[in-house]
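> Build me a structure from this.
(one chain, ligands or ions: 2)
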Amino acid sequence: MALIEFDHASYSYDASGRALDDVSLSVERGEYVVVLGHNGSGKSTLARCMNALVVPDEGAVRVMGLDTADPDAQVEIRRHVGMVFQNPDNQMVTSVVADDVAFGPENLGIPQPQIVQRVDRALEAVAMTPYAQADPAELSGGQKQRVGIAGMLAMEPDVLVLDEPGAMLDPRGRRGVRRVVRALNERGITIVHITHFMDDALEAGRIVVMDDGRPVLDGTPDEVFRHGPELRAMGLEQPFAMRLATRLRELGVPEQAAPDTPHLDVLEEALCRSLSNM
Ligand SMILES: Nc1ncnc2c1ncn2[C@@H]1O[C@H](COP(=O)(O)OP(=O)(O)O)[C@@H](O)[C@H]1O
Ligand SMILES: [Mg+2]
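Ligands and ions are numbered 1, 2, ... in the order given. Purely as a prediction, here's the structure:
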């Protein structure tokens, strides 16, 4: 059974049109999925469907087989699917980091000794243990997002859905969030990361590109980023390595030395190997 399954799901906020248009898509356990797409393409709506904040008007979204439209299933669904949003300030509810992280499990009615353990583990997972007693207001944006992630982890979710968590962060803050998210995925947590930063996208095992309420490209970064003209038509760029390799090939550098890869380290390796053989 897929962890998250969109089955011909459509949704409209109002009469102006469909925010999601007949989406069929599965996320399997353990995946690291990045969702790309221009503004208004339906990424946030897709994310909200994953924890029943939005319920489709047509079709269905199921989380571990539970229908998000079933009011009796929604509490359980939200325990399986943790959400992290763009603005870290909106996710802070108390004036002590550890209390903030404890907020979710307290609402679940978890006994106090277990909460303490969960909070410790969650703060450790996001490298924020030294800040357990700090005031969230004094943290950087990136640290706040990591506390937000810890708050979700304390609920022990199966999936973490992050909707542009780096949008308000500097590159350093984003790097910190990316590192934490990667480590969580390595520990088995399924990741759905909505972003418009290329560095984030290259972390993914799979990329889904949304356009006009629909997934239009779906595959590994290598596969998806090969669609240069389609991506450009949707206002998206190819990664730097691919643009550079294309330029090099246009200048006569052989494919072997300038392969079509989104990963700069792969290109670097191929280029250096060919140059050292010249
Ligand atoms: N709360 C809302 N009320 C009305 N329309 C909305 C609302 N949120 C999003 N939309 C519309 O739904 C479409 C998809 O939006 P959204 O899912 O937020 O896309 P993205 O996250 O990719 O920018 C857009 O046309 C947007 O204007
Ligand atoms: Mg959005």
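> Let me know the next secondary structure element after the helix or strand of the chain with the lowest mean pLDDT.
Ranked by mean pLDDT, DSSP states H and E, the weakest helix or strand in the chain is helix 198-201, scoring a mean of 88. Using DSSP states H and E, the helix or strand that follows helix 198-201 in sequence is strand 206-211.
> That next one pairs with which strands?
Strand 206-211 sits in its sheet next to strand 32-36 (parallel), strand 214-219 (antiparallel), going by DSSP bridges.
> Those strands: which one's closest to ligand 1?
strand 32-36 (8.4 Å; C-beta to the nearest ligand atom). Bear in mind the C-beta positions are built from the backbone N, C-alpha and C, glycine included.
> What mean pLDDT does that closest one get?
Mean pLDDT, strand 32-36: 98.
> Write out the residues of the stretch 151-278 of the chain neighbouring ligand 2.
The stretch 151-278 of the chain comes close to ligand 2 at no residue, as judged by C-beta under 5 Å from the ion.
> just to revisit the earlier point, show me what the least confident helix or strand of the chain is packed up against.
strand 32-36, helix 171-186 (3 or more C-beta pairs under 8 Å, 6 or more residues apart in numbering; DSSP states H and E).
> hey, which of the ones you listed is tucked in deepest?
Most buried of those by mean neighbour count (mean count of other C-beta atoms under 10 Å) is strand 32-36; its value is a mean of 24.
> next structured bit after that one?
As the chain continues past strand 32-36, the following element, by DSSP H and E, is helix 43-50.
> thinking again about what came up before, please convert the strands paired with strand 206-211 to JSON lines, extending it with distance to P88.
Shown next, in JSON lines, are these (distance: least, C-beta to C-beta, whole Å):
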{"stretch": "strand 32-36", "distance to P88": "20"}
{"stretch": "strand 214-219", "distance to P88": "28"}
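> thinking again about what came up before, could the helices and strands packed on helix 198-201 go into JSON lines alongside distance to L25?
Listed next are the helices and strands packed on helix 198-201 as JSON lines, based on distance: least, C-beta to C-beta, whole Å:
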{"stretch": "strand 32-36", "distance to L25": "9"}
{"stretch": "helix 171-186", "distance to L25": "19"}
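> Provide the partner residues of the residue positioned nearest the centre of the chain in its beta bridges.
By C-alpha atoms, centre = their mean, the chain has its centre lying nearest to H193, at 0.7 Å. Note on H193: beta-bridge partners V34, L162, judged by DSSP bridges.
> Test my guess that it contacts V181.
Yes - between H193 and V181 there is a contact under C-beta atoms under 8 Å: 6.4 Å.
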